[in-house]
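Chemist: quick one, structure for this:
(one chain, ligands or ions: 1)
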Amino acid sequence: MLFKEDKNFNFKFPEPQYLGAKHTHLAWIQKFTPKNITTAIDAFSGSQSVAFLFKQMGFTTISNDFLNFNNQIGLALIENKDVKLTKEDLKILFQPAVNKTDFELIENTFTDVFFDKEEARFLDNFRANIPKLDNTLKQAIAFTVINRSMTRKITMGHFGHTQALVYARNQERIKRNRSLIRPIKEIFEEVLPKYNNAIFDNERVNRSFHKNILDLLPTLDNIDLAYFDPPYCDSHADYQGFYHLLETYTEYWKDKEFINGIKRYEPQRFSGFDKKRDVLSSFEKLFKLSEEIPNWLISYNNRSYPGIDEFEKLISKYRQVTVEAKTYSNGRGGKGSVAGSQEILFVCKPKKKHFVSLNHQKEFVNEGL
Ligand SMILES: C[S@@+](CC[C@H](N)C(=O)[O-])C[C@H]1O[C@@H](n2cnc3c(N)ncnc32)[C@H](O)[C@@H]1O
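Modeler: Down below sits the predicted model:
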């Protein structure tokens, strides 16, 4: 078992650009992860960094994020055991698409917003070809890598601003990041091997989902560990505002409006964890639905709502909890936070049980419940 896990750790998680991604905290999170378990869920998986760690640790890994572009990474890296994108597949993806007229969404919506016309057309053409790959895992790799390439090309790695083309003409910025002026196709070809090389088999059946976690949990059972890394409410929680373009590209919406300068889709998916008015009741539901899962790890930030003490109180109704903290020193905290903010991990275990003698019978009683 140990030997197999060691082999899994030879595979390198391709570095993401995703607000709040935990790839730089994995060793720290691993320290608090129970080892003798079978099944773990990464419930708000984003870039899939923690799901990838769980897969490396040999767990049957369930991954979930309510955005489909994140799910595509989950299919490509977590669910996938051995399917890779080959040179032949690239020929299919780069060929002139025959059904081009059905695929003009990026050109029509994002020309002169994030891309010039030629790049927008390239993206539409590539998108038209993705369904021609005869395997959904290959399609997932194609989505994952083209989405990653778009993120690489756009200044700041997100789509919540309208400065992309201005910055792409700024010599100082180009000097710092040449990807601003490189063709997306070239970036794609450079990034692809990093993903192909990260695909491995941990000899478990792993799954990726894109559901609201509150809808998914009731459909699952026999989970030993849940990792929760929800949006940090009140602090860069609007993932659909930052990454709308990737979701639009993946879904290729036919039924949305594209609003304001950034052309974000509307209506958005409902999260329940990104707005103050919903978040407390969503956490209550989340914890209630997770009662049968013995171990929880919860990532948090000391600038989120509710505050640490209130949140700890909420968790304490269900679990015995210890609070671990890491202070950011380099000015680049998770979810856009800044130096001095703290990354928090709530390490939650089942409450201790006491024997109580009652009429000569012995019963288990949960402390505090
Ligand atoms: C802090 S990020 C997770 C980062 C991730 N741990 C990583 O390492 O990349 C929070 C994620 O929660 C997702 N999310 C928000 N509301 C959700 C919901 N109700 N159900 C499932 N996922 C949700 C967002 O799309 C976002 O990717």
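Chemist: quick check: chain neighbours aside, which residue is closest to residue 346?
Modeler: Using Cβ to Cβ, 6 or more residues apart in numbering and skipping the chain neighbours, the partner closest in space to residue 346 is residue 298 (4.1 Å). (Each C-beta comes from the backbone N, C-alpha and C, glycine too.)
Chemist: flag every residue of the stretch 51-200 of the chain that's near the ligand.
Modeler: Counting by Cβ under 6 Å from any ligand atom, the stretch 51-200 of the chain comes close to the ligand at 64, 65, 66, 67, 70.
Chemist: max pairwise distance over those: which two?
Modeler: Spatially, the most separated pair among these is 64 and 67, at 10.3 Å (Cβ to Cβ).
Chemist: the two: which has the busier surroundings?
Modeler: For residue 64 versus residue 67, neighbours defined as other Cβ atoms under 10 Å are more numerous around residue 64 (24 against 20).
Chemist: next, count neighbours for the spatially closest residue to that one that is not a sequence neighbour.
Modeler: Nearest residue to residue 64, sequence neighbours excluded (Cβ to Cβ, 6+ apart): residue 209, at 4.3 Å. For residue 209, the count of nearby residues is 21 (other Cβ under 10 Å).
Chemist: surely residue 209 meets residue 66?
Modeler: No. Under the criterion of Cβ atoms under 8 Å, residue 209 lies out of contact with residue 66, with a separation of 9.1 Å.
Chemist: residues in contact with the residue nearest the centre of the chain?
Modeler: For the chain, residue 46 is the residue whose C-alpha lies nearest the centre (Cα atoms, centre = their mean; 0.7 Å). Counting by Cβ atoms under 8 Å, 6 or more residues apart in numbering, residue 46 touches 16, 18, 20, 21, 65, 70, 229, 239.
Chemist: give me the number of residues near the second one?
Modeler: Around residue 18 sit 24 other residues, with neighbours defined as other Cβ under 10 Å.
Chemist: same check, this time on the one 5 residues further on
Modeler: Number of residues near residue 23 (other Cβ under 10 Å) recorded here: 16.
Chemist: same thing with residue 14?
Modeler: Count around residue 14 with other Cβ under 10 Å applied: 24.
Chemist: enumerate every residue touching it.
Modeler: 148, 191, 194, 195, 198.
Chemist: which element is residue 40 on?
Modeler: Under the criterion of DSSP states H and E, residue 40 resides in strand 39-42.
Chemist: in the stretch 151-300 of the chain, where is pLDDT below threshold?
Modeler: Within the stretch 151-300 of the chain, not a single segment meets pLDDT under 70.
Chemist: could you pull out the helices for it?
Modeler: Using DSSP state H, counting those that start in this stretch, the helices of the stretch 151-300 of the chain run over residues 164-167, 171-176, 184-196, 213-216, 239-242, 244-251, 276-289.
Chemist: in the stretch 1-150 of the chain, what residue is nearest the ligand?
Modeler: residue 46 (2.9 Å; Cβ to the nearest ligand atom).
Chemist: which stretch of helix or strand covers that residue?
Modeler: Using DSSP H and E, no helix or strand contains residue 46.
Chemist: over to residue 123?
Modeler: Here residue 123 is assigned to helix 117-129, by DSSP H and E.
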